[in-house]
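Visitor: just coords:
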């Protein structure tokens with residue numbers, strides 16, 4: 001059962017229980033006196049009555065929590081409490097107040113209404129609840145002023161975790177427009193900590209169009225929006241708070257006061273700030289030409305759990321692991337692959353190759369989930385020679401190798417930029433959480449090639465940042481390289497030889513808290529890349 005229907009179904013069941021049990025007690029209890037053993041019937045009736053009383057008490061407590069906005073669960077009891085709170089709020093509105101908002105329409109500040117009867121769209125409701133929750137956290141005094149909070153079923157209890165599934169449709173692109181289907185919550189959540197700003201553009205039958213942008217890019221919005229409208233519409237994902245600035249002075253202040261979970265959005269004219277400031281915030285381009293950025297399919301393997309982003313629909317649950325592995329294999333091979341190789345090397349389990357039926361079913365599920373583009377189905381029909389191939393599917397490993405190659409051809413700061421982009425793609429140790437499959441990843445040398453390029457990029461950045469005196473970045477580069485190859489002796493030796501600050505010695509940090517921390521106070525370093533070059 002979908003997580004969005006679990007609450008209403010359980011709530012309806014509770015309503016039936018609360019209504020039917022008293023009727024059963026009233027009708028059956030008087031008839032037990034004529035029985036030879038009345039306690040055989042009265043004992044179950046008493047048990048049902050005690051359960052009914054416990055549910056009633058729990059419902060009253062949940063209603064009181066809803067009134068204080070303390071409820072955070074999404075079960076049937078919380079859903080029923082939210083409905084009761086909404087009914088009480090709508091029927092007890094004071095004279096002269098605004099008319100209650102009916103449950104059939106939930107209107108956004110400037111977009112078309114989102115119909116809830118027959119064509120309900122979950123994404124706009126979740127985005128609205130997220131914005132209001134963030135505003136309430138920043139300004140608690142707004143809780144008594146916003147009557148809409150009660151109408152949308154006490155959004156403090158709405159489960160916002162489906163928003164993490166949106167990364168399936170952004171596919172790692174820096175900025176653009178994306179079409180989010182109504183069943184996006186059926187996709188598994190993506191463990192992606194890369195911050196992104198999202199705004200709903202419009203709602204269409206079966207999907208919602210959103211604009212998105214990451215730090216250093218511009219959010220494209222077809223319709224011009226005021227600064228106040230942007231504050232009501234923009235959402236930071238996965239859990240980022242948004243700080244808005246409309247002038248250069250406000251932008252500098254917001255950048256100086258932000259923490260690691262805050263995104264700064266510049267709502268003013270982006271031409272009035274320099275490029276260095278643009279790289280540290282998200283600009284907004286209202287009134288941009290409405291061109292939807294084509295989003296392809298990307299396979300993420302530089303993390304503990306592999307994931308495929310940009311699917312048209314989720315993989316079949318029974319074939320999900322095989323589908324991910326098959327797409328990963330095809331994405332990392334430019335040439336067509338035979339079906340026998342897929343059966344014996346990719347879909348194999350416990351040294352037993354997959355049957356032809358398993359290959360056919362997996363390929364069908366993959367083709368349906370990958371969808372089509374202007375060139376046709378992304379997974380091509382099997383050729384007469386039994387070859388499988390695809391197009392429009394990329395992998396972060398291919399991007400990693402490409403950035404390292406560009407770094408080797410470039411010089412100076414340009415090479416450092418490419419190496420840093422490559423290491424920034426690494427989220428955790430690749431495929432560390434996979435318990436089955438992906439033996440071909442080691443067998444065909446993909447892991448060794450990845451470790452080789454990662455070692456080169458990490459050591460090059462380490463030497464560069466040590467020469468610049470930026471030891472934090474040097475330490476970061478080594479740690480990223482060790483994620484690819486935890487047993488690498490060169491990286492571990494360099495990590496142990498990284499400079500330590502002498503200020504933080506026996507006397508603690510307070511002994512030198514007024515002194516500047518620089519390379520003069522660090523332990524000398526004698527390690528370099530010479531051995532690695534030889």
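Guide: That came in fine, so what should we check first? Keep in mind the model is a prediction, meaning the values are calculated, not measured. Numbers count the residues shown, from 1 in each chain.
Visitor: count of residues packed around residue 219?
Guide: For residue 219, the count of nearby residues is 25 (other Cβ atoms under 10 Å). C-beta here means a position set from N, CA and C on the backbone, and glycine is covered the same way.
Visitor: How about residue 339?
Guide: Around residue 339 there are 19 residues (other Cβ under 10 Å).
Visitor: so who does it touch?
Guide: Applying Cβ atoms under 8 Å, 6 or more residues apart in numbering to residue 339 gives the contacts 356, 359, 382, 386, 387, 388.
Visitor: go on, residue 406?
Guide: Residue 406 neighbours (Cβ under 8 Å, 6+ apart): residue 418.
Visitor: Would you check how far apart it and residue 483 are?
Guide: From residue 406 across to residue 483, the span is 21 Å (Cβ to Cβ, to the nearest Å).
Visitor: rewinding a little: report the two of the contacts of residue 339 separated the most.
Guide: 356 and 387 (14.7 Å; Cβ to Cβ).
Visitor: so where's the chain uncertain?
Guide: 1-7, 65-75, 85-121, 136-157, 171-172, 191-193, 286-295, 500-534 (pLDDT under 70).
Visitor: The lengthiest helix in it - contacts with which helices or strands?
Guide: Identified as the longest helix of the chain according to DSSP state H is helix 39-67. Secondary-structure packing of helix 39-67 (3 or more Cβ pairs under 8 Å, 6 or more residues apart in numbering; DSSP states H and E): helix 3-28, helix 76-91.
Visitor: Which one of the ones you listed lies nearest to residue 352?
Guide: Per Cβ to Cβ, nearest to residue 352 of those: helix 3-28, 35.9 Å.
Visitor: picking that back up, of all the contacts of residue 339, which comes closest to residue 325?
Guide: residue 359 (12.1 Å).
Visitor: So residue 304: helix, strand or coil?
Guide: coil (DSSP: H, G, I helix; E, B strand; the rest coil).
Visitor: Hmm, residue 426 and it touching each other?
Guide: No - between residue 304 and residue 426 there is no contact under Cβ atoms under 8 Å: 10.8 Å.
Visitor: Mind checking which of the two has more residues around it?
Guide: Higher neighbour count among residue 304 and residue 426: residue 426, with 22 against 14, using other Cβ under 10 Å.
Visitor: That one and residue 479 touch, don't they?
Guide: No - with contacts counted by Cβ under 8 Å, residue 426 stays clear of residue 479, the gap being 9.4 Å.
Visitor: So what are the structural domains in this structure, by residue number?
Guide: 1-96, 157-286, 313-444, 452-505+520-534 (automatic domain parsing).
Visitor: looking at the ones you listed, which is closest to residue 297?
Guide: Of all the domains of the chain, domain 313-444 comes closest under Cβ to Cβ, at 4.5 Å.
Visitor: okay, how far is it across the closest one, tip to tip?
Guide: One end of domain 313-444 to the other measures 30 Å (Cα to Cα, to the nearest Å).
Visitor: chain center to it: distance?
Guide: Distance of domain 313-444 from the chain centroid (Cα atoms, centre = their mean, to the nearest Å) equals 21 Å.
Visitor: Stretch 264-274 now?
Guide: Taking mean C-alpha positions (Cα atoms, centre = their mean), stretch 264-274 and its chain are 26 Å apart.
Visitor: And whichever strand or helix holds residue 284, what does it pack against?
Guide: If you go by DSSP states H and E, residue 284 is part of strand 282-286. Contacts defined by 3+ Cβ pairs under 8 Å, 6+ apart place strand 282-286 against strand 207-214, strand 218-221, strand 262-266.
Visitor: Can you add distance to residue 14 and give the ones you listed back as TSV?
Guide: Formatted as TSV, these follow (distance: least, Cβ to Cβ, whole Å):
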stretch	distance to residue 14
strand 207-214	31
strand 218-221	43
strand 262-266	40
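Visitor: how about those, which one is nearest residue 371?
Guide: strand 207-214 (13.1 Å).
Visitor: Residues in contact with stretch 228-238: which ones?
Guide: In contact with stretch 228-238 (Cβ under 8 Å, 6+ apart) are residues 108-110, 127, 130-131, 134, 163-164, 166-167, 192-193, 195-200, 219, 225, 242, 244, 263, 265, 267, 284.
Visitor: Would you mind listing the buried residues in that stretch?
Guide: Residues of stretch 228-238 classed as buried: 229, 230, 231, 232, 233, 234, 235, 236, 237, 238 (neighbour count, 16 or more other Cβ atoms under 10 Å).
Visitor: hang on, the earlier thing: now intersect the contacts of stretch 228-238 with the helices, please.
Guide: 127, 130, 131, 134, 167.
Visitor: Could you double-check that residue 327 sits in contact with residue 298?
Guide: No - Residue 327 is beyond contact range of residue 298, at 10.1 Å (criterion: Cβ under 8 Å).
Visitor: Noted, bye for now.
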